[in-house]
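J.: Attaching a predicted model along with its sequence, questions to come.
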Amino acid sequence: MKLHFLAPFSAAIGLGLLAALQYQLHLSRAATTGASSPTLLAIDNARLYQTTAKLRGDLAALSNRHAELEQITNSSETADSAVQMIIQNYQLLSGAAAASGPGVTLTIHRRLEQSELVDLVNVVRGLGAEAIAVNNQRILISTPLDAGRYGDQVTVIVIGNTQTLTTGLREAGGVVDELARANSDQISFTVAATLSVPATANNPSTGGATSQPG
């Protein structure tokens, strides 16, 4: 919550008190004597000066306090943003939430060998993949990989830097070349500004090899 209203509000209070004090001193002089003597005027001025100085000090203190509270508020907002970022990163890495963003889609129109699937997942992970899905199943480091369960067509969706992913996957002699060594028509590769992969909540629990960081 912003606290910008405190400074002008405090200043208004101080000016009001100052005006009230001046009026009170005026009434006091009138009640004491019909004419303001130089001595009485000097005393009143001294009191007024002291009170004004005190009010100015109070206003300065309030202004400093306002600045401190505003700094605390801004720091709290920064901390909240940092916490939210940590939560989002955790959800992304743990697969607790679905992920979306730019990325690439690699579709292999044939059955993969177990080693091919593991190698492919490790390669995209090594290229900085933020999220991976194989046939709509979220893939984490600990996710069991079983090539046999994906059938005769395997679609791999990878969210990450599209330039890095494209360069790494399409380089000569790279993983795409290896997968297409028998027939290049069996491989399709596309880049998209927005792709989505699901959370791990509905992933089946099956045995198999696990991917490892590339």
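T.: Nice, I can see it.

J.: hey, let's count contacts and neighbours off CA atoms from now on
T.: Will do.

J.: Flag the shaky bits of the protein, pLDDT-wise.
T.: When the per-residue scores of the chain are filtered using pLDDT under 70, the ranges that remain are 1-49, 51-52, 54-55, 76, 79, 88-93, 182, 184, 202-214.

J.: Which parts of this structure are helices?
T.: Per DSSP state H, the chain has helices spanning 6-32, 38-94, 114-126, 162-170, 175-179. These are given in chain order.

J.: Name the residues of the fourth one that come out as buried.
T.: If I follow you right, that is helix 162-170. Applying a neighbour-count criterion of 16 or more other CA atoms under 10 Å, one finds Thr162, Leu165, Thr166, Gly168, Leu169 buried in helix 162-170.

J.: cool, and stretch 144-152?
T.: Going through stretch 144-152 with 16+ other CA under 10 Å, the ones that come out buried are Pro144, Leu145, Asp146, Ala147, Tyr150.

J.: now stretch 95-113
T.: Taking 16+ other CA under 10 Å as the neighbour-count basis, stretch 95-113 is seen to contain the buried residues 95, 97, 99-101, 103-109, 111-112.

J.: cool, stretch 133-142 as well?
T.: So, applying 16+ other CA under 10 Å, buried residues of stretch 133-142: Ala133, Val134, Asn135, Asn136, Gln137, Arg138, Ile139, Leu140.

J.: now Ser196, which residues is it bridged with?
T.: Beta-bridge partners for Ser196, by DSSP bridges, are Ser100.

J.: no wait, Ala133
T.: Counting by DSSP bridges, Ala133 is bridged to Arg138, Ile157.
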